[in-house]
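> A predicted structure for the sequence below; I have some questions about it.
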Amino acid sequence: MLFKQQALLRQKLFVLGSLAIGSLLYLVARVGSLDRLQPLCPIDGRFGPRSQDEIPLRALQFKRGLLHEFRKGNATKEQIRLHNLAIIIGVRKGGTRALLEMLNLHPAVVKASQEIHFFDNDENYAKGTEWYRKKMPFSYPHQITIEKSPAYFITEEVPERIYKMNSSIKLLIIVREPTTRAISDYTQVLEGKERKNKTYYKFEKLAIDPNTCEVNTKYKAVRTSIYTKHLERWLKYFPIEQFHIVDGDRLITEPLPELQLVEKFLNLPPRISQYNLYFNATRGFYCLRFNIVFNKCLAGSKGRIHPEVDTSVITKLRKFFHPFNQKFYQITGRTFNWP
Ligand code: A3P
């Protein structure tokens, strides 16, 4: 009898314990998601400039205010107003997905999950800016929406089209050492071919013209890595101040300082911290921590193992890119240690 009562008591305690843990987890997740929804920064400048020390208190006040508004039903998410938009225009394989996902850790950033390909795709572009706006996620007026479509950087018509939509838009470009980027680009295409059981050329064969033994500038993976050529086209429409260059190689090894520079460029208060980024040894990359319940790494298609490439080809490519890189540093004011 006593044994039965004890078992019953244990059962009750177990149910109560589970309920308590469940509620706690729910609360943590809820606070986390509220944090994500709530605008902690006045992008539209409603509160004016503030010092770093003030942020926690003001954020708290603002959060309370917003919760109050929620209860009253005044705060509504709405379809983006296009002046609250920033675009990651490229570069393909530079780390565009990692950059977008990491910026999305910021409570005042909302990401467009899919690549929209509005400005580079004639068919989409013909549908008009209202189509583009509707493709965007809902956001609060004080939030910045960010979309990434790396094809924008290299597509001829795009700068003019974006300029026509918003001439003061902020543009982000993430770059990697050009030869590594070209090999990464090749690796992605190679994987696609292998998936379809197709054979493909070796990188060396594509990157070097067999007739001249010089770098093959017709090969798209090479052309994309001539960053300065593409940037110069953009500069016909936008001043350099409207661009921010992100170091894609550093984003891999040391993401936080790169993200802090972007926060500054977008006039966002510093919210992304080391807590939000943890190194996952199995993946070999930094992953994202939104709160104690929710974290994620990028998909396996990010961070592929590159095929080995003949060192003489690598040397030739690096020599080829060198003068273009120098020009790129000069124009952007950001110098990289590319060989
Ligand atoms: P590799 O696959 O060559 O390693 P994009 O998103 O523009 O296609 O860029 C893909 C690249 O992002 C990957 O190239 C990878 O190196 C880089 N990257 C940067 N940070 C990453 C992260 N935290 N997780 C996975 N990949 C990351």
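All right, it came through fine. Residues are numbered from 1 along each chain as shown.

> so which residues of the stretch 51-200 of the chain form strands?
Along the stretch 51-200 of the chain, the segments classed as strands by DSSP state E, counting those that start in this stretch run 78-79, 85-90, 109-111, 138-139, 144-148, 170-175.

> so what's the residue most central in space within the chain up against?
Central residue of the chain (C-alpha atoms, centre = their mean): Leu100, 1.5 Å from the mean position. Going by C-beta atoms under 8 Å, 6 or more residues apart in numbering, Leu100 touches Ile88, Lys111, Ile146, Lys148. The C-beta positions use only the backbone N, C-alpha and C, and glycine is treated the same way.

> tell me, how many residues neighbour Thr253?
Counted with other C-beta atoms under 10 Å, residues neighbouring Thr253 total 11.

> wait, Leu268
22.

> gap between it and Pro210?
Per C-beta to C-beta, to the nearest Å, Leu268 is found 50 Å from Pro210.

> cool, Gly248 as well?
31 Å.

> so these two - more neighbours on which side?
Comparing Gly248 with Pro210 by other C-beta under 10 Å, the one with more neighbours is Gly248, at 24 against 8.

> the more buried one contacts Ile173, correct?
No: applying C-beta atoms under 8 Å, one finds Gly248 not in contact with Ile173, separated by 9.5 Å.

> contact residues of the stretch 151-300 of the chain facing the ligand?
Ser184, Leu251, Ile252, Phe285, Tyr286, Leu298 (C-beta under 6 Å from any ligand atom).

> name the nearest residue to the fourth one, sequence neighbours excluded.
This points to Phe285. Gly303 (5.3 Å; C-beta to C-beta, 6 or more residues apart in numbering).

> secondary structure element holding the one you found?
Under the criterion of DSSP states H and E, Gly303 resides outside all helices and strands.

> Lys236 touches Pro159, doesn't it?
Yes: using C-beta under 8 Å, Lys236 makes contact with Pro159 at a distance of 6.8 Å.

> neighbour-wise, which of those two wins?
More crowded of Lys236 and Pro159, by other C-beta under 10 Å: Pro159, with 22 against 9.
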